[in-house]
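Student: sequence first, then the predicted structure:
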Amino acid sequence: MGDPRIIFVNRVYRPSTEATAQLLTDLAEGLAARDWTVHVIAAGTEPVPINGVQIHRTGTGDQNGGLVSRAANYLGFLRAARRALSSLAEPGDMVVLMTDPPLLAACATGVALKRGAKVLHWIQDIYPEIVPRHVGAWAGLPLWPLKWARNRAWRAGSLCLPVGTDMAATVAAQGIPARQIVVVPNWAPRELSLMPGNDDVTDYRRKQNLPAGFVVGYSGNLGRVHEFDTFLAAAQRLRALSAFMFRITGSGPQLPAVIAAKTKHRLDNIVIAPPVSRADLALSLAACQAHLVTLRPGFESLVNPSKLTGILAAGRPVLFVGPPRSALASFIHEEKIGAVFASGDASTLASTIQRWAADDGVEAAAIGRRARACYERHFTLGAALDQWEGLLRATNPTGS
């Protein structure tokens, strides 16, 4: 008997540019190319096969928008996804539930199990714990009913697959048996498997009007879990030095605050660019000599910054501003792929950037080579596909 069908459920999928959409697209199409039968239930319209993946669109919105419209989209998708899963899932199928929208596991696990499928929880973010830390007004909201429903779904599944070790500890703390928890790291976008040539990078920098000096990048979502005060304070310290530039490429809820701080403090050493397409991502990352990854204290056990893998694939050192005792900080130290700074330590961040630039970037380039080697060991799409195939076959070895 052949491999069982895999049914992924997530609110966003291609052509959405959100991180989970891109990850799911890579995984679904990669497994399809390895002769798995892959289905995806996602919001939007046009339910047509793409690159071997059968897509089942729910007709609901896949845009975030404001709080009210986002809640409506979430609820609409949850109802539609349950209906789609109820009609699609069959005994022997493998249903992989992601975490967009929040509490998808609690809403869809029972339906999948009732249809005779096995469930795997691919955990990108941990809700509802993350919510009151986003918005202080939610601090008094009783979370135990939502946590109870989610934990019940996690226990009922065959596997919980958090993307980081700190997150795995949070899952374990909910009473999930260790045998059901496997850390499955995210990977770098497949377009980053080949590094662009120096001439192409130079030409890209010229077209983007980037200076010849040391450019520190921040690429991706400026989300509420990210911390920017330390970076902004470091930019102020380096403001008078023309040899340094910060380039923010992306969007998100914190972008307006960053723009306001840039204007208020006259930080002309910060340039802001819109998000880039995946086709241009390799050049955009390579155009900077180092990259920032930031995380607010307290979130290390609930999220895992996905931008790290792209930085490593680009062969650039990491400047991590976040909890020094987190698993991510330990990984950066162990692999020698960058430097770690506690939130508020703008002085050390600024001095590290100056040191990396002082020797014509020799130290940064050496760290960057280790970063690329780290990517090739741990974060390629091929390695991720191998791990996923092993987990899927171990979970359902007979396909029935």
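Tutor: All right, it came through fine. Numbers count the residues shown, from 1 in each chain.

Student: all strands for the stretch 201-350 of the chain, in order.
Tutor: 214-219, 244-249, 270-273, 290-294, 318-321, 338-341 (DSSP state E, counting those that start in this stretch).

Student: in CSV, list these along with mean pLDDT and mean neighbour count.
Tutor: Placement of C-beta: from N, CA and C, glycine included. CSV is the format used below for the strands of the stretch 201-350 of the chain (pLDDT from 0 to 100; neighbours: other Cβ atoms under 10 Å):
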stretch, mean pLDDT, mean neighbour count
strand 214-219, 96, 24
strand 244-249, 96, 22
strand 270-273, 96, 18
strand 290-294, 98, 25
strand 318-321, 98, 26
strand 338-341, 98, 24
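
Student: quick one: which of the ones you listed is nearest residue 282?
Tutor: strand 214-219 (11.2 Å; Cβ to Cβ).

Student: residues contacting the nearest residue to residue 392 once chain neighbours are set aside?
Tutor: Nearest non-adjacent residue to residue 392, counting by Cβ to Cβ, 6 or more residues apart in numbering: residue 94, 5.8 Å away. Shown in contact with residue 94 (Cβ atoms under 8 Å, 6 or more residues apart in numbering): 4, 5, 6, 7, 117, 118, 120, 392, 395, 396.

Student: show only the entries of those found in strands.
Tutor: Residues of those located in strands (DSSP state E): 6, 7, 118, 120.

Student: state the distance from the residue nearest to residue 392 to residue 23.
Tutor: 17 Å (Cβ to Cβ, to the nearest Å).

Student: now do residue 290
Tutor: For residue 290 relative to residue 23 (Cβ to Cβ), the value is 24 Å.

Student: all helices of the stretch 51-200 of the chain, in order?
Tutor: Secondary structure of the stretch 51-200 of the chain by DSSP state H, counting those that start in this stretch: the helices cover 67-88, 104-114, 130-134, 144-156, 165-173, 198-207.

Student: what is the neighbour count of residue 350?
Tutor: When neighbours are defined as other Cβ atoms under 10 Å, residue 350 has 21 of them.

Student: which ones are touching it?
Tutor: Counted by Cβ under 8 Å, 6+ apart, residue 350 has contacts 234, 237, 238.

Student: most neighbours of all these, which one?
Tutor: residue 234 (27 neighbours).

Student: for it, give me its contacts.
Tutor: 346, 347, 349, 350, 353.

Student: got a ChimeraX select line for the buried ones in the residues you listed?
Tutor: A single ChimeraX command selects the buried members of the contacts of residue 234 (16 or more other Cβ atoms under 10 Å):
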select :346,349,350,353
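
Student: among the contacts of residue 234, which lie within helices?
Tutor: 346, 347, 349, 350, 353 (DSSP state H).

Student: which of those residues sits closest to residue 247?
Tutor: Closest approach between these and residue 247, by Cβ to Cβ: residue 353, at 13.0 Å.

Student: show me which of the contacts of residue 94 are buried.
Tutor: Here, 16+ other Cβ under 10 Å leaves 4, 5, 6, 7, 117, 118, 120, 392, 396 buried among the contacts of residue 94.

Student: is the second one in contact with residue 40, as I believe?
Tutor: No: look at residue 5 against residue 40 with Cβ atoms under 8 Å: they stay out of range, at 11.4 Å.

Student: how much space between the nearest residue to residue 85 once chain neighbours are set aside and residue 332?
Tutor: Distances taken as Cβ to Cβ, 6+ apart put residue 111 closest to residue 85, at 5.0 Å, once the chain neighbours are dropped. According to Cβ to Cβ, residue 111 stands 41 Å off from residue 332.

Student: between those two, who's got more neighbours?
Tutor: In this view residue 111 and residue 332 are compared by other Cβ under 10 Å, and residue 332 has more residues nearby, 23 against 20.

Student: and the nearest residue to the more buried one once chain neighbours are set aside, what does it touch?
Tutor: Once flanking residues are discounted, residue 332 sits nearest to residue 338: 4.9 Å by Cβ to Cβ, 6+ apart. Neighbouring residues of residue 338 by Cβ under 8 Å, 6+ apart: 290, 317, 318, 319, 320, 332, 367, 371.

Student: and residue 97, how many neighbours?
Tutor: Using other Cβ under 10 Å, residue 97 has 26 neighbouring residues.

Student: and it, what's its pLDDT?
Tutor: If you check residue 97, the pLDDT there is 98.
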